[in-house]
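Trainee: give the three-dimensional model of this entry:
(chains A and B)
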Amino acid sequence: MGLRKIVDNLKPTFSEGGKLSFLGSTFEAFETFLFVPNTTTQKGAHIRDCNDMKRTMIVVIVALIPAFLFGCYNTGAMVGLSGFTAFLYGLVRILPMLCVSYIVGLAIEFAYAQMRHEEVNEGYLVTGLLIPMIMPVSTPLWMVALGVAFSVVFVKEVFGGTGMNIFNPALTARAFVFFAFTPQMSGEEVWYSKWTMMGAQVDGVSGATALEQLATKGDMQWSALDAFLGFIPGSFGETSTLCILIGAAILLFTGVASWRTMLSVFVGGLAMGYLFQALGVTEYPAYYHLLVGGFAFGAVFMATDPVTSAQTETGKYIVGFMTGALAVMTRVINPAYPEGMMLAILFMNALAPTIDYFVVEANIRRRKNRIKTVK
Amino acid sequence: MSKIIKLRKGLDINLQGRASESLAEAPMAKQYAVSPLDFEGLTPKLLVKVGDKVKAGAPLFFDKNDSRVLFTSPVSGTVAAVNRGEKRRILNVVVDADAKQEYEEFPVFDLRKADRAEVVEVLLKSGLWTMIQQRPYGIVANPDDKPKAVFVSAFDSAPLAPDMNFTLRGEKPALQKGFDVLAKLTDGKVHLSVKAGAEGEMATISGVELHTFAGKHPAGNVGIQIHHIDPIAKGDIVWTVNIQDVAAIGRLFTTGKIDLHKVIALTGSEVVKPQYYRIISGAPVASVTEGNIKSQTDGGSVRIISGNVLTGKKVAADGFVTFFANQITVIPEGDKYELLGWAAPRFNKFSVSRSYFSWICPKKEYRLDTNLNGGERPFVVTGLFEQYLPMDIYPMYLFKAIIAGDIDKMENLGIYEIIEEDVALCEFVDPSKTEIQQLVRDGINLMIKEC
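Mentor: Numbers count the residues shown, from 1 in each chain, chains lettered A, B, ... in the order given. Next comes the predicted model:
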């Protein structure tokens, strides 16, 4: 095969002792991207499942695509465009942010892998797509770059890279940008694109998001159906609950995400929503919480992150439920900050190991008692 | 008859090359070998040198930690070679077989009247003691221990595993005798686990507590069965014996000679005619594989495994069948690159993940190669191992405790209950490609060293 030959010819240059050996991990990353390596099993099981990290990550990316495509359309629709033009407008609008996210993030990942002489991890392929999708579309590129750099370095690499992190890197990037640049990142402008092209009507387009309206007025100007379909302002990829659910179906069918976590988040959110409704704190129906803001996106793509969520099956129920409940509680009780999902997930990321600890301790106790009763 | 223990967790991997129910006699081979590497944690001390004459049942080497534990020659002949590897580690002792076999004589006595010490003595002297493995740890049993119980699994659930009802056809008297011997070794029970729906003659063995298991692999693993019958706690010691070895022990106590024949299954997609062979323990693999392996196209090669695809040992074409193996599997090597393989549909590869398509045809038999199918990564996916280890254990936490070298945690999380074979499926499904069986052995070795 021709391509294989080219790669084989290049290989010595990047291998130990070659001229460009300092780029070995980078070369290796591209090589394994093109070709599944010819490594064979040496110890233990002689055959292996053909599933690997690359496949797992690519499934998540596929699951994100419906929400991404809708995000493109909605960005255009928000500035008065329709049909394919709206979609194209949104696609062009998001591309720079997407590129910045991937270039900055992957550059740091590759550099760290090189420093450690490790293979490059696939984790950032997902994170890099998630980050633009949870940012408001008018977020300045330098802020995106800063957020990405912060989260990759301080949330992931200092802990040892993919699989070792405590907090979800994409959400931390979002949180960093939000708290570091609060004035720019909130208000009524940032949710709309300001680019004048393809006949977009950008003048004076502004308005509170559905979430903010619910928090301040107790109702929103859109119907529940519009919110479900996603024709509301919000972060780029988070608005369409429908598209997110399509992604959820892909993740659940392939078993990449845990249904326990996902279901529990929704149940937790609903339960808390109904509680507030019953107490008379909120007037609008509880299920609104699941349709607006980042709730659905967080439940499907963020809370289910296997690395930062609970690792025991029992723990997943608990962490999921608390994530949903906390998110709604923050939204309703804290008037200064309407979006609770991001913080709820990050908070539960911190709590998950403790919850797992108790689940595992219970297992240890059960195993000890089991032996007593047998005798 | 006890109730059936149903295991819901596990996985049967359907592979091409199941042995057909026909039995061939492998001819007497020129050479036989005994390898210390087949026994975990063993430091061998040689008792013979090249050129020495040995009878079948005569010792070749012993355990440095316990000079009573002898490893004996399966055949009579002349010691041909002591092969050594790095740091002069003994790889195996090879014996040139005599045309006419001569046997060491061991006393035959009435088991009912014999005391335990006599029985142990015969087992140790004949070398058949080494068939008795100890749990925890999966090492040769210590003759000074009194085990809580003895466990035997009457079936093997691994991919392409032999049907023990077939391999032990006609061995019922030997088996019964073997179980009588085992009963002498413990004050507790001798547990025999059979497969639901395929109990066969095994169910008629007397003097044992019979258990019936149903479910996918690893339901046939004795470790899994122990967990569900009478789990091992800290300080407990139980012994396990392979079912074919029970018959060998039975024959020794019947005739006073060691008779180490066993029936192994020659399996795998690259075998021309997969079937059963009667061999003598330690036979060269070539005695059954020669002329029976499919020729490979485009420069491919095959891997010969002594054992099954999950736990067996890789052997060279001129290597020998390992001590505990009851099958030989031949599969293609996977040392080939695959263009964008991780993105391809891969209809001819197997995965438990539904991101591939194996779930569409659950009955399909696969021709799987030895490719790792990815690169090694840190643990990312959670909740997967639990589905393939039918024990009340959190495998991921146990593995992490082993990585951290945390003895207390390992003990609490269940290191006493598992050996490599029990976690082989976890290793198979792991998308992060961690060498879990080696990890578990390292953990066990640490436990042995520290405790």
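Trainee: what number of residues lie near the residue in the stretch 151-300 of chain A positioned nearest to chain B?
Mentor: Chain B sits closest to A:Gly163 of the stretch 151-300 of chain A, with a gap of 3.2 Å, by Cβ to the nearest Cβ. All C-beta spots, glycine's among them, are computed from the backbone N, C-alpha and C. For A:Gly163, the neighbour count with other Cβ atoms under 10 Å in any protein chain shown is 18.
Trainee: give me the pLDDT value at A:Val374.
Mentor: Each residue has a pLDDT score; the one for A:Val374 is 52.
Trainee: B:Ile448 and B:Ala24: what is the separation?
Mentor: According to Cβ to Cβ, to the nearest Å, B:Ile448 and B:Ala24 sit 41 Å apart.
Trainee: can you check B:Val315 too?
Mentor: Separation of B:Val315 from B:Ala24 (Cβ to Cβ): 20 Å.
Trainee: stretch A:134-152: end-to-end distance?
Mentor: Counting by Cα to Cα, to the nearest Å, you get 16 Å between the two ends of stretch A:134-152.
Trainee: now swap in stretch A:10-21 and tell me
Mentor: End-to-end for stretch A:10-21, by Cα to Cα: 11 Å.
Trainee: buried residues, the helix or strand where A:Phe253 lies. List them.
Mentor: A:Phe253 belongs to helix A:241-254 when assigned by DSSP states H and E. Using 16 or more other Cβ atoms under 10 Å in any protein chain shown as the test for burial, helix A:241-254 gives A:Thr241, A:Leu242, A:Cys243, A:Ile244, A:Ile246, A:Gly247, A:Ala248, A:Ile250, A:Leu251, A:Leu252, A:Thr254.
Trainee: for that helix, name the packing helices and strands.
Mentor: Where contact means 3 or more Cβ pairs under 8 Å, 6 or more residues apart in numbering or on different chains; DSSP states H and E, helix A:241-254 is packed against helix A:53-78, helix A:224-229, helix A:259-279, helix A:295-297.
Trainee: domain parsing of chain A, as residue ranges.
Mentor: Segmentation of chain A into domains, based on automatic domain parsing, reads A:10-39, A:54-195+A:208-366.
Trainee: and the ones you listed as JSON lines, adding mean pLDDT?
Mentor: Listed next are those as JSON lines, based on pLDDT from 0 to 100:
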{"stretch": "domain A:10-39", "mean pLDDT": "77"}
{"stretch": "domain A:54-195+A:208-366", "mean pLDDT": "90"}
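Trainee: pipe these into JSON lines and attach distance to B:Lys294 per row.
Mentor: Compiled in JSON lines, the domains of chain A are given as follows (distance: least, Cβ to Cβ, whole Å):
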{"stretch": "domain A:10-39", "distance to B:Lys294": "21"}
{"stretch": "domain A:54-195+A:208-366", "distance to B:Lys294": "30"}
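Trainee: which residues sit in contact with B:Asn371?
Mentor: Contacts for B:Asn371 (Cβ atoms under 8 Å, 6 or more residues apart in numbering or on different chains) come out as A:Val36, A:Asn38, A:Thr39, A:Thr40, A:Thr41, A:Arg48, B:Gly334, B:Asp335, B:Lys336, B:Glu338.
Trainee: burial count for the last one?
Mentor: When neighbours are defined as other Cβ under 10 Å, B:Glu338 has 18 of them.
Trainee: quick one: the closest residue to it other than its chain neighbours from B:Ile4, how far?
Mentor: Nearest non-adjacent residue to B:Glu338, counting by Cβ to Cβ, 6 or more residues apart in numbering or on different chains: A:Val36, 4.1 Å away. Distance of A:Val36 to B:Ile4, given as Cβ to Cβ: 42 Å.
Trainee: then A:Pro233?
Mentor: Distance, A:Pro233 to B:Ile4, by Cβ to Cβ: 60 Å.
Trainee: neighbour count for A:Val36 and B:Ile4, which is higher?
Mentor: A side-by-side neighbour count of A:Val36 and B:Ile4, using other Cβ under 10 Å, places A:Val36 first with 27 against 14.
Trainee: quick one, what contacts the more buried one?
Mentor: Contacts of A:Val36 by Cβ under 8 Å, 6+ apart are A:Asp52, B:Tyr337, B:Glu338, B:Leu340, B:Gly341, B:Trp342, B:Asn371, B:Asn373, B:Gly374.
Trainee: among the residues you listed, the buried ones, what's the PyMOL command?
Mentor: Here is the PyMOL command that selects only those of the contacts of A:Val36 that count as buried (16+ other Cβ under 10 Å):
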select buried, (chain A and resi 52) or (chain B and resi 337+338+341+342+371+373+374)
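Trainee: format the contacts of A:Val36 as a markdown table; extra columns: distance to A:Leu146 and secondary structure.
Mentor: Listed next are those as a markdown table, based on distance: Cβ to Cβ, whole Å; DSSP: H, G, I helix; E, B strand; the rest coil:
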| residue | distance to A:Leu146 | secondary structure |
| --- | --- | --- |
| A:Asp52 | 32 | coil |
| B:Tyr337 | 39 | coil |
| B:Glu338 | 39 | strand |
| B:Leu340 | 34 | coil |
| B:Gly341 | 37 | coil |
| B:Trp342 | 32 | coil |
| B:Asn371 | 41 | strand |
| B:Asn373 | 38 | coil |
| B:Gly374 | 33 | coil |
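Trainee: quick one: least confident of the contacts of A:Val36?
Mentor: B:Gly341 (76).
Trainee: so what's it up against?
Mentor: A:Phe35, A:Val36, A:Cys50, B:Asn373.
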